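Engineer: Here is a sequence with its predicted model. Questions after.
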2 protein chains.
Amino acid sequence: VVVVGGGFAGLNAAKALRRAPVELTLVDRTSYHLFQPLLYQVATGILSEGEVAYPLRDVLRRWDNARVILAEVDGLDLERRLVHAAGSDGRRHELPYDSLVVSPGARYAYFGHEEWERFAPGLKSLEDARLVRSRILGAFEAAELDPDPAERSSWLTFVVVGAGPTGVELAGQIAELARGPFRRGFREIDTRDARIVLVDAAPLVLGTFDPRLADRARRELERMGVQVRLETAAAGVDGRGIDVRLADGSHDRIETRTVLWAAGVQASGLAAELGRAVGAAVDRAGRVAVGPDLTLPGHPEVFLCGDAMSLDGLPGVAQVAIQQGRHAGRSIAARAAGRPAPGPFRYRDKGSMATIGRLDAVCEIRGVRLSGFLAAVVWAAVHLTFLIGFANRLVTMTRWTAIVFAGRRAQRAVELGRREVRGHAP
Amino acid sequence: VVVVGGGFAGLNAAKALRRAPVELTLVDRTSYHLFQPLLYQVATGILSEGEVAYPLRDVLRRWDNARVILAEVDGLDLERRLVHAAGSDGRRHELPYDSLVVSPGARYAYFGHEEWERFAPGLKSLEDARLVRSRILGAFEAAELDPDPAERSSWLTFVVVGAGPTGVELAGQIAELARGPFRRGFREIDTRDARIVLVDAAPLVLGTFDPRLADRARRELERMGVQVRLETAAAGVDGRGIDVRLADGSHDRIETRTVLWAAGVQASGLAAELGRAVGAAVDRAGRVAVGPDLTLPGHPEVFLCGDAMSLDGLPGVAQVAIQQGRHAGRSIAARAAGRPAPGPFRYRDKGSMATIGRLDAVCEIRGVRLSGFLAAVVWAAVHLTFLIGFANRLVTMTRWTAIVFAGRRAQRAVELGRREVRGHAP
């Protein structure tokens, strides 16, 4: 069995195969499982990379039937059942499989404007998080130095595109940064003058949440000073600002040095390639329409999970990926043991949650709606439970305590002379 | 007062001026004070960047007389008393001063072979630490994948050049990595086969320590499997190995993909420029001969501290920088208050210490020599004391506990497709 990708889907597929009579190879282009739900905290200086990136080797350490390979998968041969990969040793490798799980993840979609990416980084990888952090903190640093009032206000303007959980959490954290004890370090600027704009083409923030919670989140963001501009779409991004198109078709421009992207999803090209090879439907986001058991049409030995597949309009969230990975793993295990397959995949929505400010969140768990402090506590408990590693939990709790009681963000390294810091110098 | 550099010297100069009737500007090209003595732990996966990089703004937050500027100093005008700097806002800035403290730090010296640097990174900045970590962990990953036995052994060979504290600690930690629970994650290789070679042109490791402790350290390293090759100088480094010259003049070659550099020191070019401008002696390492009060000859308003100066053969260690920064700050404070200057700088050697293995260290404190477990405890206590920030101390303790009891290193992110990972692909 070969599993492509060590994200939520891949890791859970591997876990389901732990005791199965198979030889498992997990291939990833990074050495770690990334806990994406907390990546925004790395980008805003609360957590360090180690807390959200757990070594895959440590997860599979005690499993005799599993190995991990650091390699980039760049082709699949469905006929000969081979995975082609460029290894970290600089060589090409061919990995034969009987069963295959494809869960390579996704990145943000720029609606056909890939050229916006360099001005508006997304938040999908550790490197992204480092870049976003440098952009945010570097903008405050530059504002402190820049003598020109117009430039200063452009440095102090932050635009977040996309009002899903990541966008909401990012905007909320920038507002916290600007309002918290962080501001006392500056002399020339009052960081509370920072203008944070959250832009989305949809008419709601947190569109997948219950409308009452979504409304609660929007009001709370506004109370924190975030300008929420809904029914407003990005129409152009450059190094000096962003053009937006309003609902009535008119355009507006926001002068800013910092645009952050949290909108749309584009599946890894690997999935689309597979889909086209077998003539399956591939949607605009590059996701392949799979059978009810998550397999590629005509190839019961190939499973597509998470952002790689489309099925019944399931959203691209961690819970779907986790449950799909587990389902694919169990199906393969059953087949290997000669047991009947577990049948079609059924998604059990366990709820969704997002933090807004420091001690504020919105949660929706099995129909129960929570908001405010209690929701923040539930949010923290759930995220600590899903983090891997006892020391990571302890460190994360320490960092959260430091934030709550002292507003201290420890991860604030900015270096001069790197592209990240200079903002978007051509 | 302008202080150039937020390292040990600059930070302590600023601290000594906290209550002085002066306006203080601290200029650095990074936003943080780097705790260099623990940088090797970032490079070997124990600590994260946040623990060793404390925001300068947080240090100076409550001081009404001080400000921090993120800028690169690239020139000094002694006549007009101006510091020229390229700011993080993309503009040029001129900072006037009455008193100036120059402590821009240093980097490793490649003995005139700067071209070795890309094959043999040093360990002076956070970015270096990330690069070194990627090289070390990436080499194990590549060894796991590479089918060629000769290549595999080249990936599993690690050469550290320079047997001062950093080199000894780095070699010891790589040995710990290879021997610890880390190894259980690999299937194709036994990480204990890793060959770690510590090379130095001098006849001793830890040359500045008491010879008995130095000998103890060498024996302990050898017991851990590190090959210590003394009186052996680097004669050439490329992407495939290192040529060394032995004491008898003969040459030898070690095939390796990972050479790490911890030898020699080259002061920032700023100091040498200053020295030449006033006709002062500048040594081969770029350090300027200063007066007994640390001032530039003929310029009692300019202090040079740490790696920027040479005086009485003082070594380039943290303790010297700390005490010199404090001395410069106090001298300026006394002058501003109209009090007599504190006179010539006098160094008080508080001792030196280095860790070897997991629970092993050598310490020399005011003439008392310690080694083994007790020394490791003293080492840990001293380093925790000097770390800035309560949460950082707590997190560091957690990470150390995880290492001691479980051998767990949390910071192990390696990504494919970056120069760091591929090793030294041309």
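Structural biologist: Nice, I can see it. Not measured: the values here are computed from a predicted model. Numbering: from 1, shown residues only, chains lettered A, B, ... in the order given.

Engineer: Which of the three states applies to the residue of the stretch 251-400 of chain A found nearest chain B?
Structural biologist: Residue nearest to chain B within the stretch 251-400 of chain A (C-beta to the nearest C-beta): residue A:391, separated by 4.0 Å. The C-beta positions use only the backbone N, C-alpha and C, and glycine is treated the same way. What DSSP: H, G, I helix; E, B strand; the rest coil gives for residue A:391 is helix.

Engineer: need the contact list for the nearest residue to it once chain neighbours are set aside.
Structural biologist: Closest residue to residue A:391 apart from its sequence neighbours, by C-beta to C-beta, 6 or more residues apart in numbering or on different chains: residue B:402 at 4.0 Å. Taking C-beta atoms under 8 Å, 6 or more residues apart in numbering or on different chains, we find residue B:402 in contact with A:390, A:391, B:408, B:410.

Engineer: Just give me the closest of these to residue B:281.
Structural biologist: Using C-beta to C-beta, residue B:410 comes nearest to residue B:281 of these, at 47.0 Å.

Engineer: Surely that closest one touches residue A:389?
Structural biologist: Yes: Residue B:410 lies in contact with residue A:389 (C-beta atoms under 8 Å); the separation is 6.7 Å.

Engineer: Between those two, tell me which one has more neighbours.
Structural biologist: Ranked by neighbour count (other C-beta atoms under 10 Å in any protein chain shown), residue B:410 and residue A:389 place residue B:410 first, with 27 against 19.

Engineer: OK, contacts around residue A:393?
Structural biologist: Residue A:393 is in contact with A:384, A:387, counting by C-beta under 8 Å, 6+ apart.

Engineer: Looking at it now. What's its pLDDT?
Structural biologist: What the model reports for residue A:393 is a pLDDT of 89.

Engineer: same check, this time on the one 5 residues further on
Structural biologist: Residue-level confidence at residue A:398 comes out at 87, pLDDT.

Engineer: Assign it to helix, strand or coil.
Structural biologist: Per three-state DSSP, the secondary structure class of residue A:398 is helix.

Engineer: Direction included, what does the lengthiest strand in chain A pair up with?
Structural biologist: The longest strand of chain A (DSSP state E) is strand A:66-77. Applying DSSP bridges, strand A:66-77 is found paired with strand A:24-28 (parallel), strand A:82-87 (antiparallel).

Engineer: Please work out the average pLDDT along it.
Structural biologist: Here strand A:66-77 scores 94 as its mean pLDDT.

Engineer: Could you tell me how far that strand lies from the centre of the chain?
Structural biologist: Using C-alpha atoms, centre = their mean, to the nearest Å, the mean C-alpha position of strand A:66-77 is found 22 Å from that of the whole chain.

Engineer: Just the buried residues of that strand, please?
Structural biologist: A:66, A:67, A:68, A:69, A:70, A:71, A:72, A:73, A:76 (16 or more other C-beta atoms under 10 Å in any protein chain shown).

Engineer: Could you pull up the contacting residues of the last one?
Structural biologist: Contacts for residue A:76 (C-beta under 8 Å, 6+ apart) come out as A:82, A:83, A:84, A:100, A:102, A:270, A:273, A:274, A:277.

Engineer: who wins for neighbours among these?
Structural biologist: Neighbour max across those (other C-beta under 10 Å) = residue A:102, 30 neighbours.

Engineer: hmm, back to that, any idea how many residues pack against the residue of the stretch 251-400 of chain A closest to chain B?
Structural biologist: 21.

Engineer: coming back round to it: shouldn't the residue nearest to residue A:391 be within a helix?
Structural biologist: Yes: Residue B:402: assigned to a helix according to three-state DSSP.

Engineer: how near is it to residue B:180?
Structural biologist: Distance from residue B:402 to residue B:180, counting by C-beta to C-beta, to the nearest Å: 11 Å.

Engineer: for the stretch 51-200 of chain A, what spans make up the helices?
Structural biologist: Secondary structure of the stretch 51-200 of chain A (DSSP state H, counting those that start in this stretch): helices at A:56-59, A:126-145, A:149-155, A:165-179.

Engineer: Please identify which of these is closest to chain B.
Structural biologist: Short answer: helix A:56-59, nearest of the helices of the stretch 51-200 of chain A by C-beta to the nearest C-beta, at 3.0 Å.

Engineer: contacting residues around that closest one?
Structural biologist: By C-beta under 8 Å, 6+ apart, the residues outside helix A:56-59 that reach it are A:6, A:11, A:14, A:26, A:28, A:31-33, A:68, A:388-389, B:182, B:185-186, B:408.

Engineer: give me the low-pLDDT residue ranges for chain A?
Structural biologist: The model of chain A has pLDDT under 70 over residues A:417-426.

Engineer: Stretch A:405-412: which residues count as buried?
Structural biologist: For stretch A:405-412, by 16+ other C-beta under 10 Å, it's A:407, A:408, A:409, A:410, A:411, A:412.

Engineer: typo on my end, stretch A:244-252
Structural biologist: A:244, A:245.

Engineer: can you give me the end-to-end distance of that stretch?
Structural biologist: Using C-alpha to C-alpha, to the nearest Å, the end-to-end distance of stretch A:244-252 comes to 5 Å.

Engineer: Can you give the distance of that stretch from its chain's centre?
Structural biologist: 28 Å.

Engineer: got it, and stretch A:281-296?
Structural biologist: Centroid displacement of stretch A:281-296 relative to its chain, using C-alpha atoms, centre = their mean, is 21 Å.

Engineer: Please consider this matter closed, and thank you.
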